[in-house]
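Trainee: Quick one, what's the 3D model for this:
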Amino acid sequence: MNFEEEKLQREIQKARQLIGKSKCNILITGITGVGKSTLINAVFKDKLAKTGVGEPVTKDIKPYEIPANNFRIYDTPGIERKDIKKIKQKVFKKIKEQRKRKLEEHIHCIWYCINEGTGRLEEEEKKWIEELIEKEIKMIIVLTKQAYNDEFFHYLKKQKLPKIIRVGTEPMQVVEKISQQVHTPKLDTPGLESLVKTTTELIPEIARQSFINALLDIDLKKKVAYISLFLYAGSGFVIAGFIPIPLLGKKLSDVAVQTLMLVHFLYLFELELKNEQIPELLFVGTDLTLITLSMDEVLEKIAEYTFEDIAQEIIAGGSISLSMLVIGFAYIEVLTEYKKAQLKGVEISFSQLKEMLSQKIEEYKALDFQTWIEILNGGGQSLVPQEI
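Mentor: Predicted coordinates for the structure are as follows:
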């Protein structure tokens, strides 16, 4: 291995360490039957928690883990009037225990679920929310279950409550599954996207990558990757905020940025490659001519398509690498195709992956900038949360 190869391997190892150290812990709570387990399964891995009818499924605070992503969600027992004091004690004890540890072990966010269909917030429930707020943990009120209740929704908005996100389910639909029919509620996708984005904004940086990697929905991962891409393409500047890219205040080489971006996306789409395979993907498209535009011009073009808060975090006056955009777009599209094929049981070899990447880069090289913006628009715009 020559000096340049050794240097690249060091960059790969460094990127793996930066991206792989993220940990996230979320606590989800609410009254019995509010749909906590259904929500967990919709946002994260299928069958991560068992759903049930009647008696509460969760008898104690139960951690559901995705070890590969360093992700954990704590599901509390459904709150019932006769047990509320006992449940509070358990939750407060868990919060206190986690706070004695390092930041990455803390409870980073609480999802408090309310059945919007009931149109009712019990006084004890309201008091419980207030007590949780006093613990100074970021919290989101998640409205679940059937048809939207606008009167109840506006009532909640007038209360002194944290951020409110609606993810109400649509009527039950029949889904075909291995020769037997099962009834499953379909959660409102825009609401889930809003919940994902809001959670990502609220949790500390150490937890963000873990949370994003744990997502079940590939299209949500893709949208997050598109937003990350513009930050990578403008990575010579001081950037911060939404996506956990560890480049704050640093000027990195194009190779270092591209390496970090690829490793980030490999983690995001859960594709495990050996260190010696990563350079082969990095070298695809290295003949691209570096094109730059003024950051002011780019921000003017993308302002209506991307998140306003992200645009404000990129310091105007620099330049953005369009070659990095081409490569990044190609990474995202190819890894999306790979992941969807994998979920269907279709295996894609590493040589096929390289060929797909090469073809995608050639395809993107032929596009003008406005077309790229339209691609970004299609992938990222709907992640903006609803105004509430």
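Trainee: could you check the distance from K94 over to E124?
Mentor: As defined by CB to CB, to the nearest Å, K94 lies at a distance of 20 Å from E124. Where you see a C-beta, it was placed from the backbone N, CA and C, and this is true even at glycine.
Trainee: which one of the two has more residues nearby?
Mentor: The residue with more neighbours, out of K94 and E124, is K94; 17 against 13, by other CB atoms under 10 Å.
Trainee: which residues of the stretch 201-350 of the chain fall in helices?
Mentor: 205-213, 218-233, 254-268, 278-282, 295-302, 308-313, 322-343, 350-365 (DSSP state H, counting those that start in this stretch).
Trainee: Relative to E131, which of the ones you listed is closest?
Mentor: For the helices of the stretch 201-350 of the chain, the distance to E131 is smallest for helix 205-213, at 22.9 Å, taking CB to CB.
Trainee: got the angle between that closest one and helix 254-268?
Mentor: 60 degrees (axes from the mean of the first three to the mean of the last three CA atoms, to 10 degrees).
Trainee: helices or strands up against the helix or strand containing R72?
Mentor: When secondary structure is defined by DSSP states H and E, R72 falls within strand 71-75. Applying 3 or more CB pairs under 8 Å, 6 or more residues apart in numbering; DSSP states H and E, one finds that strand 71-75 contacts strand 24-30, helix 36-43, strand 62-66, helix 205-213.
Trainee: which strands and helices sit next to the second one?
Mentor: Right, the one you point to is helix 36-43. Contacts defined by 3+ CB pairs under 8 Å, 6+ apart place helix 36-43 against strand 24-30, strand 71-75, strand 109-115, strand 139-144, helix 189-202.
Trainee: Report the buried residues of the last one.
Mentor: Taking 16 or more other CB atoms under 10 Å as the neighbour-count basis, helix 189-202 is seen to contain the buried residues G191, L192, E193, S194, L195, V196, K197, T198, T199, T200, L202.
Trainee: Ok, the shortest one next?
Mentor: Across strand 71-75, burial judged by 16+ other CB under 10 Å covers F71, R72, I73, Y74, D75.
Trainee: What ranges in the stretch 151-300 of the chain fall below the confidence cut-off?
Mentor: With pLDDT under 70 as the threshold, the stretch 151-300 of the chain has low-confidence stretches at 169-189, 231, 234-254, 285-300.
Trainee: repeat that for 90
Mentor: Flagging of the stretch 151-300 of the chain using pLDDT under 90 yields the residue ranges 151-162, 166-194, 196-198, 200-201, 204-264, 266-300.
Trainee: can you put the buried residues of strand 71-75 in TSV and add pLDDT?
Mentor: As requested, these are arranged in TSV below (pLDDT from 0 to 100):
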residue	pLDDT
F71	89
R72	91
I73	92
Y74	93
D75	91
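Trainee: closest to Y331 among these?
Mentor: Nearest to Y331 out of those is F71 (CB to CB; 22.5 Å).
Trainee: Quick one: residues contacting that closest one.
Mentor: Under the criterion of CB atoms under 8 Å, 6 or more residues apart in numbering, the contact list for F71 reads K23, C24, F44, E65, S210, F211, N213, A214.
Trainee: Distance check, it against L216.
Mentor: Plainly put, F71 is 11 Å away from L216 if you go by CB to CB.
Trainee: and if you look at K340?
Mentor: Summarising the geometry, the distance separating K340 from L216, computed by CB to CB, is 13 Å.
Trainee: which residues are in contact with both of F71 and L216?
Mentor: Counting by CB under 8 Å, 6+ apart, the residues touching both F71 and L216 are F44.
Trainee: quick revisit: which of the helices of the stretch 201-350 of the chain sits closest to D60?
Mentor: Ranking these by proximity to D60 (CB to CB) places helix 205-213 first, at 23.7 Å.
Trainee: what number of residues lie near V284?
Mentor: Taking other CB under 10 Å as the criterion, the count of residues near V284 is 22.
Trainee: That one: what's it in contact with?
Mentor: By CB under 8 Å, 6+ apart, the contact set of V284 is K354, L357, S358, I361.
Trainee: can you do 6 Å?
Mentor: Contacts for V284 were tallied using CB atoms under 6 Å, 6 or more residues apart in numbering; they are L357, S358.
Trainee: pLDDT score assigned to N115?
Mentor: Model confidence at N115, expressed as pLDDT, equals 88.
Trainee: Grab the nearest non-local neighbour of it.
Mentor: Take N115 and drop its neighbours on the chain: the residue closest to it by CB to CB, 6 or more residues apart in numbering is K145, 4.4 Å away.
Trainee: so how far is E193 from the one you found?
Mentor: With CB to CB as the criterion, K145 and E193 are 19 Å apart.
Trainee: ok, which stretches of the stretch 51-200 of the chain are helices?
Mentor: Per DSSP H, counting those that start in this stretch, the stretch 51-200 of the chain carries helices over the ranges 84-99, 123-133, 150-158, 189-202.
Trainee: Which of the ones you listed sits closest to V334?
Mentor: Distances from V334 to each of those were compared by CB to CB, and the smallest falls on helix 189-202, at 22.7 Å.
Trainee: The closest one vs strand 109-115, what angle?
Mentor: Here helix 189-202 runs at 150 degrees with respect to strand 109-115, directions being taken by the same axes, to 10 degrees.
Trainee: and helix 189-202, what does it pack onto?
Mentor: When contacts are defined as 3 or more CB pairs under 6 Å, 6 or more residues apart in numbering; DSSP states H and E, helix 189-202 sits against strand 163-166.
Trainee: Which of the buried residues of helix 189-202 sits closest to K163?
Mentor: For these, the minimum distance to K163 (CB to CB) is 5.7 Å, reached by T198.
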